[in-house]
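S.K.: next input, structure requested:
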Amino acid sequence: MKARIVLFVTLGCTVALSSLAAATQTLLMNRLGPSQMVLYIANADGAGERPLFGTSGFDYNASFSSDGQWIVFTSERAGSGQADIYRVRPDGSGLERLTNDPDLDDQAAMSPDGGHVAFVSTRGSHTANIWILDLSTRQARNLTGGRTPAGAAGTGTLNGSFRPSWSPDGTWIAFTSDRNFPFKPHVEPAPGWEHPQELSIYVMQPDGRGLRRLTPAGVTAGSPRWSPDGKRIVFYELPTALTFAARVFAQNRVTSQIVSIDVATGARTEHTSGPGLKVSPQFLGADRIGYLVKAAPAAEQAGLAFTTGGTGTRGSFRNPAWSPDGMRVVYHKADFTARPQNQPLYSWDTDTDVRYTDVFPQFSRDGRLAISDLRNLATPMASISVMDADGSNRRVVFSDPSGSAFVPTWSPDGQWIAFGFGAFFGARDTRPAKVMMVRADGAPQTTDLTKGTPNSGFPSFSPDGTRIAYRVWGEYDGKREYGIRVLNLADGSVKTLTTELDNFPSWSPNGDVIAFTRRSGGTEDYDYDIFTMRPDGTNVRRLTDAPGNDSHSSWSPDGKSILWTSGRYGFKDEAALYDNAFQPFAQIFIMKADGSDQRVLTRSRWEDSMPAIVPPAAQKR
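M.R.: Next comes the predicted model:
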């Protein structure tokens with residue numbers, strides 16, 4: 001049986017998985033996340049830096065054991081996206097894999113006696129929980145699952161637990177949790193659909209007893225670490241409203257402080273002041289704390305820092321963790337260079353080969369691939385490229401630096417590509433965009449299909465080539481213009497199908513249904529879900545209703561299934577610790593065309609989205 005290719009796109013990892021001979025289909029996806037992560041070890045102030053390994057295996061989130069003899073860390077060396085816990089000696093020798101589970105394992109911390117590892121895992125429920133691994137038996141147990149306060153589960157709230165930290169005597173574990181915080185849109189630096197995250201510090205005994213909350217609601221407290229005497233816990237603190245800005249291009253505008261709390265009395269001490277996004281604190285002695293300035297108004301201010309006793313090396317470090325004697329530090333650096341088209345990614349299905357693609361992939365009937373080339377996540381400018389399904393014979397067919405070209409869609413005869421051009425996403429409310437067409441062979445011939453207002457984009461050709469569905473968005477001259485429109489190419493007439501906050505229309509292969517995304521809920525607690533309707537706007541059906549955003553849907557070539565991206569399982573880490581991550585919790589799902597049999601396909605730490613399946617014709621080229 002010939003391999004069928006399935007394309008997945010996420011805005012934003014890589015080692016071969018199952019052999020191509022065993023795979024019956026191939027899944028391409030864009031992943032919004034770093035393309036490489038490398039661990040370094042250095043003197044406490046960052047001087048004398050050297051890579052921990054001669055060759056990186058995509059490694060991150062490291063910490064020292066209490067005796068300084070081991071470093072535990074997360075690695076995707078088993079496959080890009082497949083995260084497991086490893087340990088190694090500080091000199092890079094003695095590498096040992098500690099976990100081997102298809103779900104995410106991350107953020108490990110060794111117990112003071114060296115016999116156990118507390119870590120974050122999504123195994124079982126796909127939601128982040130604290131687990132404990134017995135190193136002698138290699139048995140793991142869920143510490144936080146099923147022990148959350150009443151009302152946390154099943155009420156549309158987040159329910160993750162992160163960043164475990166052992167007390168010096170090993171009798172307590174501190175961690176953060178976003179439990180009971182609702183899925184809701186962010187408002188800073190500008191309103192949008194991605195979720196903020198409110199974290200509180202909790203402590204619990206390793207046997208699951210004694211759960212206690214240490215920090216109040218209304219503010220985010222992250223990355224707890226114990227003082228040497230076990231009496232205080234240090235953490236970073238920032239306004240919850242800024243937890244989206246802290247993980248995207250606006251992070252240099254975010255201010256947080258390093259705070260500690262007396263575990264017995266609750267007395268607080270603020271150890272820092274002034275601007276800068278300060279995270280990852282750790283006691284280096286009774287009165288000295290090391291931390292990371294992740295971002296600051298002046299870029300040269302970012303780097304390692306201390307509350308007393310000198311300054312650290314400047315630069316773009318992440319997750320610094322100091323040795324127990326305070327003499328060494330381990331951290332990782334992330335590279336966001338764009339991945340190569342069709343780079344292998346890990347597959348959680350042995351029948352599927354998974355590969356990376358740039359954003360908004362669409363296939364012609366004869367198996368050619370069109371994508372948007374995304375260059376800069378902060379100020380996205382994108383062109384349109386066409387290539388064979390394997391990424392070869394790539395050429396740019398449209399590029400204009402005055403705007404972004406998003407979501408190409410092929411005419412049925414393969415001669416034209418329609419797309420949206422102009423300003424999108426955060427700029428759509430104030431700047432124009434239009435739907436236009438370009439010759440698929442790259443000839444300098446373009447046709448405008450709509451005007452610049454209302455903002456128009458995200459087109460989809462009808463299978464018979466006579467119509468294009470697209471969305472409009474904005475308010476112009478006091479008139480609201482939202483929803484899905486259908487343009488008749490023969491006479492230029494436009495039919496209004498919906499007037500709600502709808503987006504991403506996608507015509508089914510046989511033309512009987514249009515899938516789209518609709519904003520559901522109120523003005524402050526909304527999210528997005530997948531709907532379908534007939535091409536005349538009737539028989540609107542809601543297919544998803546889970547909390548968290550459901551979006552970026554696409555059809556399988558046979559029209560029997562819909563693939564999409566969902567954030568329903570919540571965050572997998574503290575939001576403020578991510579970079580260039582709009583929805584770091586999003587994963588790819590698939591369901592039948594009627595909305596039944598919904599299941600998750602990816603399990604990575606990163607944002608996986610924009611699926612598209614390669615048609616059988618691609619195998620014949």
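
S.K.: so what touches stretch 163-176?
M.R.: 66, 107, 109-113, 118-120, 130, 143-144, 161-162, 199-206, 210, 214, 221-226, 228-230, 233, 235, 573-574 (CB atoms under 8 Å, 6 or more residues apart in numbering). Every residue, glycine included, has its C-beta placed from N, CA and C.

S.K.: and these, which of them are buried?
M.R.: Neighbour-count burial (16 or more other CB atoms under 10 Å) is assigned, among the contacts of stretch 163-176, to 66, 107, 109-112, 118-120, 130, 143-144, 161-162, 199-204, 206, 214, 221-226, 233, 235, 573-574.

S.K.: looking at those, which are in strands?
M.R.: 107, 109-110, 118-120, 130, 161-162, 200-204, 221-226, 233, 235 (DSSP state E).

S.K.: what domains does the record give for the protein?
M.R.: 4-31+338-620, 36-335 (automatic domain parsing).

S.K.: what's the mean pLDDT across the helix or strand containing Gln362?
M.R.: Using DSSP states H and E, Gln362 maps to strand 359-363. Strand 359-363 shows a mean pLDDT of 94.

S.K.: go on, stretch 113-131?
M.R.: Rounded mean pLDDT across stretch 113-131 is 96.

S.K.: same question, stretch 405-423
M.R.: 95.

S.K.: and that stretch, how far apart are its ends?
M.R.: 9 Å (CA to CA, to the nearest Å).

S.K.: how far does it sit from its chain's centre?
M.R.: On the basis of CA atoms, centre = their mean, to the nearest Å, stretch 405-423 sits 26 Å off its chain's mean C-alpha point.

S.K.: what's the burial count for Pro459?
M.R.: Using other CB atoms under 10 Å, Pro459 has 27 neighbouring residues.

S.K.: just to be sure, Lys495 is in a strand?
M.R.: Yes. Counting by DSSP: H, G, I helix; E, B strand; the rest coil, Lys495 is part of a strand.

S.K.: tell me who's in contact with it.
M.R.: By CB under 8 Å, 6+ apart, the neighbours of Lys495 are Arg485, Val486, Asn488, Asp536, Gly537.

S.K.: bridging residues for it?
M.R.: Val486 (DSSP bridges).

S.K.: distance of it relative to Ser462?
M.R.: 12 Å (CB to CB, to the nearest Å).

S.K.: and for Thr565?
M.R.: Counting by CB to CB - Thr565 and Ser462 are separated by 24 Å.

S.K.: again, but for Asp527
M.R.: 29 Å.

S.K.: returning to what we had before: which of the domains of the chain has the lowest mean pLDDT?
M.R.: domain 4-31+338-620 has the lowest average pLDDT among the domains of the chain, namely a mean of 88.

S.K.: hmm, Thr409 is touching Pro459, no?
M.R.: Yes. Between Thr409 and Pro459 there is a contact under CB atoms under 8 Å: 5.2 Å.

S.K.: what do those two both touch?
M.R.: Ala418, Phe419, Ile468.

S.K.: check contacts around the second one.
M.R.: Taking CB under 8 Å, 6+ apart, we find Phe419 in contact with 372, 384, 398, 405-409, 435-438, 457, 459.

S.K.: and which of those is nearest Arg365?
M.R.: Distance to Arg365 across the contacts of Phe419 (CB to CB) is lowest for Thr409, with 12.0 Å.

S.K.: can you show me the helices along the stretch 101-250 of the chain?
M.R.: With DSSP state H, counting those that start in this stretch, there are no helices along the stretch 101-250 of the chain.

S.K.: pull the number of nearby residues for the closest residue to Gly452 other than its chain neighbours.
M.R.: For Gly452, ignoring the flanking residues on the chain, the nearest one in space by CB to CB, 6 or more residues apart in numbering is Pro432 at 3.2 Å. The local packing of Pro432 (other CB under 10 Å) involves 19 other residues.

S.K.: wait, Pro432 touches Gly457, no?
M.R.: No. Using CB under 8 Å, Pro432 makes no contact with Gly457, being 10.1 Å away.
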